[in-house]
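Student: fold the following for me, if possible:
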Amino acid sequence: MTTTFWLAATALMGLALAFVLFPLFFSRPRERAETDLRNQNLLAYRGRMAELEAEHKAGILDDENYRQLRDELAGSLLDDVSEEPVAPPTVKADSRRTGAWVIALGSVVLIPALAVFLYQHWGAMDDVEQWVAMKDLASGDDRTGQLNQLTTQLRERLEASPENPEGWAMLARTYMSLERYPDAAWAFERLAEQMSESPGQAATALGLAAQARFFESKGDMNATVTAAIEAARALNPDEVNALGLLGIHAFDQEQFEQAIGYWERIAEVAPNHPQLPSLRQGIEQAYQRLGRAAPAVGEAEAVSERGVTVRIELSPAFDGQVPADTTLFIYARRPGERSAPLAVARRTAGELPLELRLTDALSMAPSAKISDAEEVVIAARLSTGGTAMPRPGDWQGVLEVPVAVTDVPDGQPIELVIDQQLR
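Tutor: Next up is the predicted model:
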């Protein structure tokens, strides 16, 4: 809960108390009002009598008229002012004053307490807390410690009040960026539960959960990953995230025909898929492995040529140590970030030395494109296990100095040497 919220709530409760307390302490009792009226009438009588006496002495009024006007004025005073004296404050007045204090003190205690109690039961405090946590998370910087703290706060709010699909989606995406894949899968599964009335959206959430399980297993299609994929496809057999995982697994198992089938199905059901250029590239590679030319497709989608041209080679120190079929990953990230790469290419050690250009055609997500960056850090890794997660024994090369992203290839490519082995 925020300071601003409670300041506003306090101000409103103070206003409510003012409406209760003001009449108790600032209203004028009937006896006081009567006294004030009597005093005003007496002052008016004395002033008029002084005028009559002055006119009588000056000869303006004769004796008869003077007496007549004086008697009429006295009679008028008797009608307006009772001759009975105003009684001093009685025990009843004292008790009334005591009752006012009791009501005042009770109001000061009961009104705030009742307001807080009713708001907790009927108000939207959980929604306010979730909104604050989501806002902090969206505006937070990239420091892992702060993001972990913010995700913990948002998770607590969502567990207390789970009916917030946007909150679950943000929590899951943040877990993915932090590479906390089990937590991300759990959050995507909770998101699917919230979308139960929309099978298509629930299937998408389960497909993303399957991706998180796949990353958790470091690319191993184990029983947990398989169950997650089946759960997504049970709601939508053409769920694109599940199809993509099946295509990757089939390609890794050298089942290229199946990989082509899965990826081409994605192109059919999601012709506007943001990763379609990467899928086309994967399909082409699968056909190359089969020794066949990829069939012609429709007009190629426009992909920005903005990117980085790089030439990768293996240090002579590792000559003869790396099998030719070892998977090679080349990727570009924003400087100083641990988020998803802006571009990723997958090749093999047998293709080294290798020159290629990293562009949006190799992006992993529409929100993370190399064309949107001014400069990037380039790295290459030879994976002994064939997975995207680094592990001891892998060979790696990193250009620590960021390189500029250019609109078109120009000049010599950036040189990157794989010159270290992970321990």
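
Student: by mean pLDDT, flag the weakest helix or strand of this protein.
Tutor: Least confident element among the helices and strands of the chain, by mean pLDDT, DSSP states H and E: helix 125-139 (a mean of 49).

Student: correct me, but R391 touches T384?
Tutor: Yes: under the criterion of Cβ atoms under 8 Å, R391 is in contact with T384, at a separation of 6.7 Å. Any C-beta I mention is one placed from the backbone N, CA and C, and that applies to glycine too.

Student: what are the ranges of the strands in the stretch 301-423 of the chain?
Tutor: Applying DSSP state E, counting those that start in this stretch to the stretch 301-423 of the chain gives strands spanning 308-314, 327-333, 343-348, 354-358, 375-383, 395-398, 403-404, 414-418, 420-421.

Student: helices and strands around the fifth one, which ones?
Tutor: Based on contacts counted as 3 or more Cβ pairs under 8 Å, 6 or more residues apart in numbering; DSSP states H and E, the elements that strand 375-383 packs against are strand 308-314, strand 327-333, strand 395-398, strand 403-404, strand 414-418.

Student: what mean pLDDT would you report for the second one?
Tutor: The pLDDT scores in strand 327-333 average 89.

Student: and the angle from that strand to strand 414-418?
Tutor: 130 degrees (axes from the mean of the first three to the mean of the last three Cα atoms, to 10 degrees).

Student: on that earlier part again, out of the strands of the stretch 301-423 of the chain, which comes closest to Y262?
Tutor: In terms of Cβ to Cβ, the element of the strands of the stretch 301-423 of the chain nearest to Y262 is strand 343-348, at 16.2 Å.

Student: listing partners with orientation, what would you give for that closest one?
Tutor: Partner strands for strand 343-348, per DSSP bridges, with pairing direction: strand 327-333 (antiparallel).

Student: ok so, going back, which of R391 and T384 has more neighbours?
Tutor: Set R391 next to T384 and count neighbours by other Cβ atoms under 10 Å: T384 wins out with 18 against 12.

Student: my guess is that one contacts Q396, does it?
Tutor: No: counting by Cβ under 8 Å, T384 does not reach Q396; the two are 11.2 Å apart.

Student: got a list of contacts for stretch 207-226?
Tutor: The contact list for stretch 207-226, computed with Cβ atoms under 8 Å, 6 or more residues apart in numbering, reads 172, 175-176, 179, 181-182, 184-186, 188-189, 192, 228-229, 231-232, 239-242, 244-245, 248-249, 252, 385-389, 391.

Student: how about stretch 59-75 as CSV, C-alpha atoms only?
Tutor: Only the C-alpha atoms of stretch 59-75 are listed here, as CSV (Å, rounded to 0.1, in the frame of the first residue of the first chain):
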residue,chain,number,x,y,z
GLY,A,59,-40.8,70.4,21.9
ILE,A,60,-41.4,68.2,18.9
LEU,A,61,-43.6,65.9,20.9
ASP,A,62,-46.2,67.2,23.4
ASP,A,63,-46.8,65.4,26.7
GLU,A,64,-49.8,63.4,25.4
ASN,A,65,-48.1,62.1,22.3
TYR,A,66,-44.9,61.4,24.3
ARG,A,67,-46.7,59.2,26.8
GLN,A,68,-48.7,57.4,24.1
LEU,A,69,-45.6,56.5,22.1
ARG,A,70,-43.7,55.5,25.3
ASP,A,71,-46.5,53.2,26.4
GLU,A,72,-46.7,51.6,22.9
LEU,A,73,-42.9,51.0,22.9
ALA,A,74,-43.0,49.4,26.3
GLY,A,75,-45.8,47.1,25.2
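
Student: what are the buried residues along it?
Tutor: By neighbour count with 16 or more other Cβ atoms under 10 Å, stretch 59-75 contains the buried residues 61, 66, 69-70.

Student: what do you get for stretch 262-269?
Tutor: 262-267.

Student: which parts of the stretch 201-350 of the chain are helices?
Tutor: Under the criterion DSSP state H, counting those that start in this stretch, the stretch 201-350 of the chain contains helices at 223-235, 240-252, 256-269, 276-289.

Student: and the contacts of the second one?
Tutor: It stands for helix 240-252. The contact list for helix 240-252, computed with Cβ under 8 Å, 6+ apart, reads 204, 206-208, 210-211, 214, 219, 221, 225, 229, 232-233, 256, 258-263, 265-266, 269-270, 273, 275, 279, 282, 285-286, 386.

Student: where does pLDDT dip in the stretch 51-200 of the chain?
Tutor: 73-147 (pLDDT under 70).

Student: mind listing the strands for it?
Tutor: Along the stretch 51-200 of the chain, no segments are classed as strands by DSSP E, counting those that start in this stretch.

Student: circling back to that earlier point, export the helices of the stretch 201-350 of the chain to TSV and tack on distance to D407?
Tutor: Converted to TSV, those look like this (distance: least, Cβ to Cβ, whole Å):
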stretch	distance to D407
helix 223-235	39
helix 240-252	30
helix 256-269	28
helix 276-289	18
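
Student: spit out the contact partners of the closest residue to A317 other than its chain neighbours.
Tutor: Spatial nearest neighbour of A317, chain neighbours left out: D419 (7.0 Å); criterion: Cβ to Cβ, 6 or more residues apart in numbering. Applying Cβ under 8 Å, 6+ apart, one finds that D419 lies in contact with 315, 317, 397.

Student: quick check, pLDDT for D419.
Tutor: In this prediction D419 is given a pLDDT of 94.

Student: quickly note the distance from it to D372.
Tutor: Using Cβ to Cβ, to the nearest Å, one gets 30 Å for the distance from D419 to D372.

Student: R347 bridge partners, please.
Tutor: Under DSSP bridges, the beta-bridge partners of R347 are L328.

Student: how many residues are close by it?
Tutor: 18.

Student: in contact with it, which residues?
Tutor: Contacts of R347 (Cβ under 8 Å, 6+ apart): 327-328, 330, 354, 356.
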